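Asks: My questions are about this predicted structure, shown below with the sequence.
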Amino acid sequence: MKVQVCTGKTCKERFSQYILTRLQNDKELYDMHSVDVCECPCTGNCKIGPSVIIDGNVETHMNPAKASEMIREKRKQWGKGNKGGKRK
Ligand code: FES
């Protein structure tokens, strides 16, 4: 799973850095080593940011808790359908 947190100017002003930090901490906390968390430039959704891209899907109005919960939930769903396999 690839997760990109927008750190463009507007999202940064809306504290997207905290989302990035939370997700990076979650990787260790929840043993999510298959989740790749990184920064990305503006996604063009500034008015409805902060935005986070999860496997190519743009999620908006994000905050650290919401992003964390969403990724853990998607990971659970992914785990059900892909037992034993690696993804991306
Ligand atoms: S700065 Fe994040 S969507 Fe534009």
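Replies: Yep, it's here.
Asks: From the rest of the structure, what touches stretch 25-33?
Replies: Residues from elsewhere that reach stretch 25-33 (CB atoms under 8 Å, 6 or more residues apart in numbering): 35, 37, 68, 71, 72, 75. C-beta here means a position set from N, CA and C on the backbone, and glycine is covered the same way.
Asks: any idea which of those residues is closest to residue 17?
Replies: Set against residue 17, the nearest of the contacts of stretch 25-33 by CB to CB is residue 37 (12.5 Å).
Asks: chain center to stretch 36-53: distance?
Replies: Relative to the centre of its chain, stretch 36-53 is centred 9 Å away, using CA atoms, centre = their mean, to the nearest Å.
Asks: Any residue of that stretch touching the ligand?
Replies: Yes: against the ligand, stretch 36-53 shows contacts by CB under 6 Å from any ligand atom at 42, 43, 44, 45, 46, 49, 51.
Asks: so residue 6 touches residue 38, yeah?
Replies: No: between residue 6 and residue 38 there is no contact under CB atoms under 8 Å: 10.8 Å.
Asks: Looking at those two, which is more packed in?
Replies: Neighbour count, other CB atoms under 10 Å: between residue 6 and residue 38, residue 6 has more, with 28 against 13.
Asks: Please work out which residues outside the longest helix along the chain touch it.
Replies: Secondary structure assigned by DSSP state H gives helix 64-81 as the longest helix of the chain. Residues outside helix 64-81 that contact it (CB under 8 Å, 6+ apart): 1, 3, 5, 18-19, 21-23, 26, 30, 32, 35, 52, 54-55, 59, 62, 87.
Asks: Which of those fall within strands?
Replies: Judged by DSSP state E, strands contain the following of those: 3, 5, 52, 54, 59.
Asks: Including distance to residue 14, could the residues you listed go into CSV?
Replies: Output for the ones in strands among the contacts of helix 64-81, formatted as CSV (distance: CB to CB, whole Å):
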residue, distance to residue 14
3, 17
5, 11
52, 12
54, 18
59, 14
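Asks: Excluding sequence neighbours, find me the nearest residue to residue 15.
Replies: Once flanking residues are discounted, residue 15 sits nearest to residue 50: 7.2 Å by CB to CB, 6 or more residues apart in numbering.
Asks: Good, we can wrap up now.
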